[in-house]
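Chemist: Just to be clear, the model below is a prediction. Sequence and coordinates:
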Amino acid sequence: MTRPLVVLGATGSIGRQVLDVARRLDFPVAAVVARHGSDALAVIADEFPDAAIGIAAPTGSERERFSAYGSRVRSGPDASVELASMPGAIVVNGIVGVAGLRSSLAALEAGNRLALANKESLVAGGPVVLEALRRGGGELIPVDSEHSAVFQCLVGEEVESVRRLVLTASGGPFRGKTREELENASPADALHHPTWSMGSRITIDSASLANKGFEVIEAHHLFGIPYAQIDVVVHPQSIVHSFVEFTDGSVKAQMGEPDMRIPIQYALTHPQRFAAPTSSDPSTWTLTFDMPDRAAFPALDIIIEAGMRGGSAPATVNAADEIAVGAFLTGRLGFLGIASILEQTMERVPQVKLTSVEDVAYVDQEARSVASSLIGGAC
Ligand code: MG
């Protein structure tokens, strides 16, 4: 009943929670992949002695240390691609960044189930990923809480019956702040997320609402819904993970405590539901909803605009955002500068059609260098 599990990004925030779920449900962990041969990876490798071990970028001493694991180890940039193609696997892609795209493609082309937590696969490589899904006949199941919510609301429904998707946003640490108040926002302020605990880029992206813009692009690709029918609403409690409104006026929501292990588990067990220790007490819930402040958080609309332009524009803003967030975190760019870098980079990098992973890599590099020079010039 349970299929072999391949966990890409095994030592990261998503990967660790995937392994929690796997332990509890007794899923056979067939492979674990991380960027480095860290202590954390060694602990995982010892706990799951049948798992192949992938190390994408081992240092010399990591190579030496992991040689003790013999033929279990695959090293180098192709390790995750090779392991993602394992026949019959459920591949959880928790790799951070555009580096995760090739593994997503490999999983789908092999006809595997891809439980997708790597945002860049669909944001930067949407058309290429959808083509791989068509060709390989695999399954694409979202792990992100909002997309899992929509996915769950759509089980048993026809996409033609959808009037609108409404993605919820917690609003992040700067919810309610005006544009003027955000002028001097520091990295420490932005890193303090009220409801979810996540990596640093995604936490900054939540503070700027860039993350929600990227999620709109992902939703467009995942569910085939036009951008005009995807809305965003601010919901600070993070209990309603998203809504689907149908043509007959009925609205479905998927709700639950903000715990990533719920959508992770669903992505592994769909269409079944397995028991979990997480429980909810709706009598303690107060649910509020607000419209996002699009003037204070312009990144949201800039990124949705990139989605509507299509082609390489989303890959461009994604790369620009990674550079801009890095500059903000190291004090080289103000908080409001992030959105302005996205906009300027999108105007400067020519838009092209994306048909291969090489196209995505090319645009990604172009956008990075344009964004970097814009930031350099701003100092
Ligand atoms: Mg999310």
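Modeler: Nice, thanks for sending it over. Please read these numbers as outputs of a predicted model, since none were measured by experiment.
Chemist: Please enumerate the helices of the stretch 251-379 of the chain.
Modeler: 261-269, 299-309, 313-329, 335-348, 357-378 (DSSP state H, counting those that start in this stretch).
Chemist: Using CSV, list the CA coordinates for the second one.
Modeler: Included here for helix 299-309 are C-alpha records, laid out as CSV according to Å, rounded to 0.1, in the frame of the first residue of the first chain:
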residue,chain,number,x,y,z
ALA,A,299,5.4,42.8,-4.6
LEU,A,300,2.1,40.9,-4.7
ASP,A,301,0.8,42.6,-7.8
ILE,A,302,4.2,42.8,-9.5
ILE,A,303,4.5,39.0,-9.3
ILE,A,304,0.9,38.4,-10.4
GLU,A,305,1.6,40.7,-13.4
ALA,A,306,4.7,38.5,-14.2
GLY,A,307,2.4,35.5,-14.1
MET,A,308,0.0,37.1,-16.5
ARG,A,309,2.8,38.0,-18.9
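Chemist: outside of it, which residues touch it?
Modeler: If you take C-beta atoms under 8 Å, 6 or more residues apart in numbering as the criterion, helix 299-309 is touched by 208-210, 212-214, 216-217, 220, 227, 232, 292, 294, 313-314, 316-317, 321, 338-339, 342-343, 346, 351. For the C-beta atoms, the positions are set from N, CA and C on the backbone; glycine is no exception.
Chemist: With the longest one instead?
Modeler: With contact meaning C-beta under 8 Å, 6+ apart, helix 357-378 is reached by 98, 101-102, 105, 124-125, 128, 312, 315-320, 322-324, 327, 332-333, 337, 341, 344-345, 348-349, 352-354.
Chemist: Same check on stretch 328-347?
Modeler: 179, 182-185, 187, 190, 200, 204, 207-208, 210, 297-299, 302-303, 305-306, 309, 313, 316-317, 319-321, 323-325, 327, 367, 370-371, 374-375, 378-379.
Chemist: near the ion, from the residues you listed?
Modeler: Subset of these in contact with the ion: empty, counting by C-beta under 5 Å from the ion.
Chemist: Give me the buried entries from those residues.
Modeler: 182, 185, 187, 190, 204, 207-208, 210, 297-299, 302-303, 305-306, 313, 316-317, 319-321, 323-325, 327, 367, 370-371, 374-375 (16 or more other C-beta atoms under 10 Å).
Chemist: The host helix or strand of residue 243 and the ion, any residue contact?
Modeler: Element membership for residue 243 (DSSP states H and E) is strand 240-246. No. Counting by C-beta under 5 Å from the ion, the ion has no neighbours in strand 240-246; the shortest distance is 8.3 Å.
Chemist: Can you tell me the strand partners of that strand and which way each runs?
Modeler: strand 162-169 (antiparallel), strand 251-255 (antiparallel) (DSSP bridges).
Chemist: could those be laid out in a markdown table, adding distance to the ion and mean neighbour count?
Modeler: Output for the strands paired with strand 240-246, formatted as a markdown table (distance: least, C-beta to the ion, whole Å; neighbours: other C-beta atoms under 10 Å):
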| stretch | distance to the ion | mean neighbour count |
| --- | --- | --- |
| strand 162-169 | 8 | 21 |
| strand 251-255 | 13 | 17 |
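Chemist: Adding distance to residue 111 and mean pLDDT, write the ones you listed out as a markdown table.
Modeler: Converted to a markdown table, those look like this (distance: least, C-beta to C-beta, whole Å; pLDDT from 0 to 100):
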| stretch | distance to residue 111 | mean pLDDT |
| --- | --- | --- |
| strand 162-169 | 27 | 98 |
| strand 251-255 | 27 | 98 |
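Chemist: could I get the ones you listed as a markdown table with distance to residue 86?
Modeler: Shown next, in a markdown table, are the strands paired with strand 240-246 (distance: least, C-beta to C-beta, whole Å):
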| stretch | distance to residue 86 |
| --- | --- |
| strand 162-169 | 32 |
| strand 251-255 | 30 |
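Chemist: do you know which of the ones you listed lies nearest residue 134?
Modeler: strand 162-169 (20.8 Å; C-beta to C-beta).
Chemist: can you list contacts of that closest one?
Modeler: Here strand 162-169 has contacts from 146, 149-150, 154, 206, 209, 211-212, 215-216, 219, 223, 225, 229-235, 238, 240-247, 289, 292, using C-beta under 8 Å, 6+ apart.
Chemist: List only buried entries from those.
Modeler: Counted by 16+ other C-beta under 10 Å, these give 146, 149-150, 154, 206, 209, 211-212, 215-216, 219, 223, 225, 230, 232-235, 238, 240-246, 292 as buried.
Chemist: can you state the direction angle for whichever helix or strand residue 216 is part of and strand 162-169?
Modeler: Following DSSP H and E, one finds residue 216 within helix 210-223. Using axes from the mean of the first three to the mean of the last three C-alpha atoms, to 10 degrees, one finds that helix 210-223 and strand 162-169 are set 150 degrees apart in direction.
Chemist: continuing past helix 210-223, what's the next helix or strand?
Modeler: Downstream of helix 210-223, the first helix or strand assigned by DSSP H and E is strand 230-234.
Chemist: what's the spacing between the residue lying closest to residue 109 once chain neighbours are set aside and residue 111?
Modeler: Once flanking residues are discounted, residue 109 sits nearest to residue 136: 4.1 Å by C-beta to C-beta, 6 or more residues apart in numbering. Separation of residue 136 from residue 111 (C-beta to C-beta, to the nearest Å) stands at 5 Å.
Chemist: For the stretch 1-150 of the chain, give me the ranges with low pLDDT.
Modeler: 1 (pLDDT under 70).
Chemist: need the residues of it near the ion, please.
Modeler: 144, 146.
Chemist: just the helices in the stretch 1-150 of the chain please.
Modeler: 13-25, 39-47, 60-66, 79-84, 101-109, 119-136, 145-154.
Chemist: what's in contact with the first one?
Modeler: The set of residues external to helix 13-25 that reach it, using C-beta under 8 Å, 6+ apart, is 2, 5, 7-10, 27, 29, 32, 34, 44, 92, 94, 117, 143, 197-199, 260-261, 264-265, 268-269, 274, 276-277.
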